[in-house]
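Asker: Just the structure for this:
(4 chains)
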Number of protein chains: 4
Amino acid sequence: MQLVVYTSGMASTPGDAPLSSEAPATPAGGAARRPRIAVVGASGYAGGETLRLLAGHPGLEVATVAAHSSAGRHLSEVAPHLDLGHDPVLVETGVDTLRGHDVVVLALPHGQSGQIAAALRAEDPDVLVLDLGADHRLESAQEWSDYYGSEHSGTWTYGMPELPLADGTRQRDHLVGAREIAVPGCNATAVSLALAPLLRAGLLDAERLSAVLPVGYSGAGRAAKQHLMFSEAHGSAAPYAVGGSHRHVPEVLQNLRRATGRDGQRLAFTPVLVPMSRGILAVCTAPVAEGTSTADLLAALQADYAEEHFITVLPEGVFPSTGEVAGANTLRIGAVVDRRSGQATVISALDNLVKGTAGAAIQSLNLALGLPEATGLTRTALAP
Amino acid sequence: MQLVVYTSGMASTPGDAPLSSEAPATPAGGAARRPRIAVVGASGYAGGETLRLLAGHPGLEVATVAAHSSAGRHLSEVAPHLDLGHDPVLVETGVDTLRGHDVVVLALPHGQSGQIAAALRAEDPDVLVLDLGADHRLESAQEWSDYYGSEHSGTWTYGMPELPLADGTRQRDHLVGAREIAVPGCNATAVSLALAPLLRAGLLDAERLSAVLPVGYSGAGRAAKQHLMFSEAHGSAAPYAVGGSHRHVPEVLQNLRRATGRDGQRLAFTPVLVPMSRGILAVCTAPVAEGTSTADLLAALQADYAEEHFITVLPEGVFPSTGEVAGANTLRIGAVVDRRSGQATVISALDNLVKGTAGAAIQSLNLALGLPEATGLTRTALAP
Amino acid sequence: MQLVVYTSGMASTPGDAPLSSEAPATPAGGAARRPRIAVVGASGYAGGETLRLLAGHPGLEVATVAAHSSAGRHLSEVAPHLDLGHDPVLVETGVDTLRGHDVVVLALPHGQSGQIAAALRAEDPDVLVLDLGADHRLESAQEWSDYYGSEHSGTWTYGMPELPLADGTRQRDHLVGAREIAVPGCNATAVSLALAPLLRAGLLDAERLSAVLPVGYSGAGRAAKQHLMFSEAHGSAAPYAVGGSHRHVPEVLQNLRRATGRDGQRLAFTPVLVPMSRGILAVCTAPVAEGTSTADLLAALQADYAEEHFITVLPEGVFPSTGEVAGANTLRIGAVVDRRSGQATVISALDNLVKGTAGAAIQSLNLALGLPEATGLTRTALAP
Amino acid sequence: MQLVVYTSGMASTPGDAPLSSEAPATPAGGAARRPRIAVVGASGYAGGETLRLLAGHPGLEVATVAAHSSAGRHLSEVAPHLDLGHDPVLVETGVDTLRGHDVVVLALPHGQSGQIAAALRAEDPDVLVLDLGADHRLESAQEWSDYYGSEHSGTWTYGMPELPLADGTRQRDHLVGAREIAVPGCNATAVSLALAPLLRAGLLDAERLSAVLPVGYSGAGRAAKQHLMFSEAHGSAAPYAVGGSHRHVPEVLQNLRRATGRDGQRLAFTPVLVPMSRGILAVCTAPVAEGTSTADLLAALQADYAEEHFITVLPEGVFPSTGEVAGANTLRIGAVVDRRSGQATVISALDNLVKGTAGAAIQSLNLALGLPEATGLTRTALAP
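Answerer: Predicted coordinates for the structure are as follows:
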């Protein structure tokens, strides 16, 4: 199978498209065909968002759109906001419908991706499979069973390119050429990328980390449940998974271990559903090391992220809100030391469906396929 | 001046009115007239909410409604949701319009109540004045100037009846017969009442307290500002006063000192505006003392609040949301210890305009006048 | 069965309780017990709202709370915003659990109330049954089957006290002493009461009526459905039942026939779900008779409603919004003639769960039992 | 001045970018520079949205960003969601700062664009000026003064490409090469494009048209006003400009006259602010000509719009919601005849800031400059 070969590196057009692609990557061999991609779980929010981004991605051909309960319906029926230039019929999810693609994106409830992924990979070792579910994120089978109560499906390459690692590399380096990619959890991304640089720099008390996350409802998925209904959510802030039971906690701790080369981090983690559809605001607090200043925090964040296209470290005194990132692949971070309390407050904002899920998937597959990393992604949000 | 004398004590009707009064307090001397009350700042949210509660309060007569920029307009023009049985014209705020009342409620921006209150009190030592603003909450002139940058107006009796004090009394005991009452800040109420019992019991690391508060927009007042516009707020979670600069911080610390008899508490405090009109969800975290269990937290909360009519300590595993308290004078609290993180998470929910402001004012004036404490208040919220 | 006998008539306290009861009705025979009421469907929005209002109703005792799927749970689990003074366990809905009450309120999906109501009435001809569902609203078995596709359950006394009738009476007169009451549909109430006086006065072209109704999500009930989820509803205005298929259409036309004594009215009816929980804004338009002025419209509305406690006809140039009526039992109406278009625009606002459902039920049962009509109801709303 | 010359015609990539540009237009003469554009009113919603679209527009260079009260600030301060690849300082609006550009987009309050536009055009007859305000939309000076109460600034080429005209042309044909373009009003676009084909086909009673429009708050602009505050808007549907006083009414009627070649249309027009930021849902009703069927309505819409890239006529029984169009340049229309009422209901949905304002401006300037009409625009929306 001869695939397009791309000259790698970050696309470099001035600015970038609103909620969309940077300049299209031009194939070195124009004759070659674009890789064919299949998206599974298209009737859900994560799958739909993946298709929204792919609609503006010049380097891939959306060849198959699959679902389960919605199989047989037209995409326009389940996602009338999308325009792929044609209106595909959703096919049933299965090895038969998914084989023969260059890339398969699985947006399935956790526990459902392991088996189908194994079958596809067994048939075609060249196929790139991305799992938007949780199945392949954790390295520890014990932590998996502690939090998910089922058997571990194994560990794939983690799709968080910007995560700085203790060995001096970045997670990005591990994604180039990868064929099995575990896309991170949205809350885990917001908290891990906010805290990692500060812990690497030794500025925070790693045993007393706390994160409270006002989050939008799309993160809870599209399956109808009473507590997700508009009337229940309207005008209410509702905490859930209080007390450390949220499944993204071990994922954050794993990231912090990999970023620092140390373990022992302890994190209180409280998500709060608030009346918005998209967005996560991770408000992280921790006691600071003696003498740590706001400038120290910002310097540590800049040290790790100054060159990152999709991460913005805000100036002193400026903090992000989720309205600034809707539809964009950006993570925005602000930080301050409160001398009276002796604690740091670090706040990050992202769109759970983009930087938190589908955008991370596209960014990772770009790296895996040798496309410019930002292809099909944007730093401009839809506001107001 | 011969006033109605009431037999004090909690009203005891089964249940209570939806968003409204318990059984009307019956005067011991039926002949006597009802105290006459003036509400200042009626065109704002705090003043309007005070009138909403007074509309259902059987023990008082709303004699005067005052404002400044809206003076001369009918109440129905600035608050079409209210029905006092008549439609008063708002009079200009001043000593001339406010003298001659038994009770005066001041809902003014901070800094504006000190002078007028002094004048009214000087003319009539019997008049009860309640300040919904911040001017008279803090005991320390230094803290006042640190946070407000102006001269201290002095300290009034603090209107938080349920606050347990180190000397074994409650703040309630100090409100009986009071004539100068400083109504607490809404965020201060949510955090202080959640943490005080746990600190009194020595269960938390008092030097590493953190509170993140998703809050609704009504707390920011009714004055038109760009960041408070619907389109700016819609779909966005926006932190403010990050880094310990919020003016309710010294108020919380003062309350915790009074409740514990100790000082040295340190608090990271981060409010986050979320797209709702009413409601505060205070998510408080802190490291726990060795061996502290969830049961210990709940027992400490019950020890202080079991008898409190307007505070509900939720069972283990249950946490409040703000949708449960809209329009009610209730504070609902849940707590848990996360053994993995070694931290406690304590969450309280209240309606910033009721338990956080106008309800606290009514509850306090009931105590000051010898009315049943719950008169005109309810434990039932408007949902969905 | 000896019941309390009340001196009828409108309660007359100055003003009324915020979102709550007017002065409690005092029994003529103090010795007699309060009527015992059972509420069926307590875990739904209509049933929950009925309980919210009953919590503040001094003339009735909530003896039984029933449900189906939630049977066995405590009320506090399904409706944590309510406080009846105790926390009843929801019993299974059935004749066994419902017999022996003075009043039974059925808040069930249409089609489910007919049989159980018949059984209860057969056992006890004195029992008052109110059906919040649609089963007993329509007089025409043909219209019932056309719109509901099932067999007609018969016609009960229609619970819309303010509806003026062609014979010079009001629907109120028919409710006194009634024992079978069909509570109106929420949209039908908003449109019928807005148009009836104008058609009675012959000011509108009855064959070219149009109503567009932005409505909140609580009207769609609490059963989990994908299109009712927060993320689907957020930021979207979504029409439904377009083209005249809404089941409230024949109910409105029936009301207009009864109010005018004429038939032949034709109504285009389009509800639009908008992102709010409560509220209906009925925007009605129709060509006006030659020479009709805005003053004519307002005069006709005043002619029918000037004495109505819960209907407010707004001054010229003023129109209602749903934010003014949340939690209140009020209907507010504004009207104008646009000479350029030759059409009238008549706008009414109400809270679909109060004046549109549970408030209408309480108002009707007050009439049926001889209680002051406004008992347990309020004209003051919760805002902002 | 030698400008890039483009081969005109619709861009033809399969599908199009998510909320963004179709394939970039390639200059015939690669050497030539891209036209330089200035955007005035960048701190407002219309100006900001224009910049959002230009950020993804490959055919233009954003050379100047101007404002008034925000002059001197960085774009990132007033619009943190935008990324132009650089962070320009907003310059003061004036002829000095705006001269020397190929295109100037004026997003100013009505009444402010006439003078500055005249000065720019006088200096450089080649400059293309687009007015997002109302000043140059109306042909009749009388109607202008009737609705705006000021002197008429004259009439420019109307920026609604899809509007079918009585003479068999489209408004598109008049935009090619235009240098003075009046961008339509957002509500006028929603109503005009929904009704024009049906009136052209003689299917509706043109003298009894009614339109009710649930609209989002961004259409009211970014200037802080009390009735636009979140707490006022939350949970409320609020009508405004009731009775035909809205300034888009004469604009709609002008469009209908031009589309049909007839006058005498009469329109009742009622916008209703609902709690969303973006979006207009125009619900239009009118009596139908004898025998008109739903199929007739859809056929007439298809006859005019089948070839239109940005207008979708939905199948029978399907109607649009505003959530489907947020961020997209699409207008979606559904229609039905209700035989019982004898009326048609025609519903259109658009994003007021895109198809209603900034998207229409980009589409029109593409035509004026000879760029592919869809450049920088998308048919894919951001949902949920």
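Asker: CA atoms for contacts and neighbours, from now on please.
Answerer: OK.
Asker: mind listing the strands for chain A?
Answerer: Assigned by DSSP state E, chain A shows strands spanning A:36-40, A:61-67, A:91-92, A:103-106, A:128-131, A:157-158, A:180-182, A:209-215, A:238-239, A:267-273, A:280-287, A:311-313, A:331-338, A:343-350.
Asker: which stretch among these comes nearest C:E49?
Answerer: Closest to C:E49 of the strands of chain A is strand A:238-239 (C-alpha to C-alpha; 21.0 Å).
Asker: and the closest one, what does it pack onto?
Answerer: Applying 3 or more C-alpha pairs under 8 Å, 6 or more residues apart in numbering or on different chains; DSSP states H and E, we find strand A:238-239 packed against strand A:267-273.
Asker: Show me what the mean pLDDT comes to for the strand it packs on.
Answerer: The pLDDT scores in strand A:267-273 average 98.
Asker: strand partners of it, parallel vs antiparallel please.
Answerer: Using DSSP bridges, strand A:267-273 pairs in its sheet with strand A:209-215 (parallel), strand A:238-239 (antiparallel).
Asker: Tell me which residues are up against it.
Answerer: Residues from elsewhere that reach strand A:267-273 (C-alpha atoms under 8 Å, 6 or more residues apart in numbering or on different chains): A:207-217, A:233, A:237-244, A:246, A:249, A:253, B:285, B:338, B:340-343, B:345.
Asker: Can you say which of the residues you listed are buried?
Answerer: With burial judged by 16 or more other C-alpha atoms under 10 Å in any protein chain shown, the buried subset of the contacts of strand A:267-273 is A:207-217, A:233, A:237-240, A:242-244, A:246, A:249, A:253, B:285, B:338, B:341-343, B:345.
Asker: Name the residues of the stretch 151-300 of chain A found near chain D, please.
Answerer: A:218, A:277-278 (C-alpha under 8 Å from any C-alpha of the partner chain).
Asker: do you know which of the strands paired with strand A:267-273 lies nearest D:G177?
Answerer: Of the strands paired with strand A:267-273, nearest to D:G177 by C-alpha to C-alpha is strand A:209-215, at 48.2 Å.
Asker: contact partners of the closest one?
Answerer: A:187, A:191, A:265-274, A:276, A:278-287, B:212, B:214, B:237, B:283, B:285.
Asker: From the residues of the stretch 151-300 of chain A next to chain D, list the ones also adjacent to chain C.
Answerer: Among those, chain C is touched by A:218, A:277 when using C-alpha under 8 Å from any C-alpha.
Asker: can I get the residues of the stretch 151-300 of chain A next to chain D in a markdown table with pLDDT, neighbour count and distance to B:V325?
Answerer: Formatted as a markdown table, those follow (pLDDT from 0 to 100; neighbours: other C-alpha atoms under 10 Å in any protein chain shown; distance: C-alpha to C-alpha, whole Å):
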| residue | pLDDT | neighbour count | distance to B:V325 |
| --- | --- | --- | --- |
| A:S218 | 98 | 25 | 25 |
| A:S277 | 98 | 28 | 23 |
| A:R278 | 98 | 28 | 25 |
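Asker: need the residues of the stretch 151-300 of chain A next to chain D in a markdown table with distance to A:Q171, can you?
Answerer: Formatted as a markdown table, those follow (distance: C-alpha to C-alpha, whole Å):
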| residue | distance to A:Q171 |
| --- | --- |
| A:S218 | 27 |
| A:S277 | 29 |
| A:R278 | 26 |
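Asker: Chain C: which of the residues of the stretch 151-300 of chain A next to chain D is nearest?
Answerer: Nearest to chain C among those is A:S277, at 4.9 Å by C-alpha to the nearest C-alpha.
Asker: Kindly provide the distance from that closest one to A:L51.
Answerer: According to C-alpha to C-alpha, to the nearest Å, A:S277 stands 18 Å off from A:L51.
Asker: can you pull the contacts of A:T157?
Answerer: Counted by C-alpha under 8 Å, 6+ apart, A:T157 has contacts A:137, A:174-175, A:178, A:180-182.
Asker: Pick out the one among these with the largest number of neighbours.
Answerer: Each of these was scored for neighbours by other C-alpha atoms under 10 Å in any protein chain shown, and A:R137 scores highest at 27 neighbours.
Asker: quick one: contacts for it?
Answerer: Counting by C-alpha under 8 Å, 6+ apart, A:R137 has contacts A:155-158, A:182-184, A:251.
Asker: any chance of those residues in CSV, plus pLDDT?
Answerer: As requested, the contacts of A:R137 are exported to CSV (pLDDT from 0 to 100):
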residue, pLDDT
A:T155, 97
A:W156, 97
A:T157, 98
A:Y158, 98
A:A182, 98
A:V183, 98
A:P184, 98
A:E251, 98
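Asker: Show me the one in these that has more neighbours than the rest.
Answerer: A:V183 (31 neighbours).
Asker: Hmm, A:W156 and it touching each other?
Answerer: No: counting by C-alpha atoms under 8 Å, A:V183 does not reach A:W156; the two are 9.1 Å apart.
Asker: now the helices for the stretch 101-250 of chain A?
Answerer: According to DSSP state H, counting those that start in this stretch, the stretch 101-250 of chain A carries its helices in the segments A:113-123, A:141-148, A:171-175, A:186-200, A:230-233, A:249-260.
Asker: Reformat those helices as JSON lines; add distance to B:T93.
Answerer: Formatted as JSON lines, these follow (distance: least, C-alpha to C-alpha, whole Å):
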{"stretch": "helix A:113-123", "distance to B:T93": "68"}
{"stretch": "helix A:141-148", "distance to B:T93": "60"}
{"stretch": "helix A:171-175", "distance to B:T93": "64"}
{"stretch": "helix A:186-200", "distance to B:T93": "49"}
{"stretch": "helix A:230-233", "distance to B:T93": "39"}
{"stretch": "helix A:249-260", "distance to B:T93": "54"}
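Asker: between those, which one is nearest to chain B?
Answerer: The nearest among those, by C-alpha to the nearest C-alpha, is helix A:230-233 at 5.6 Å.
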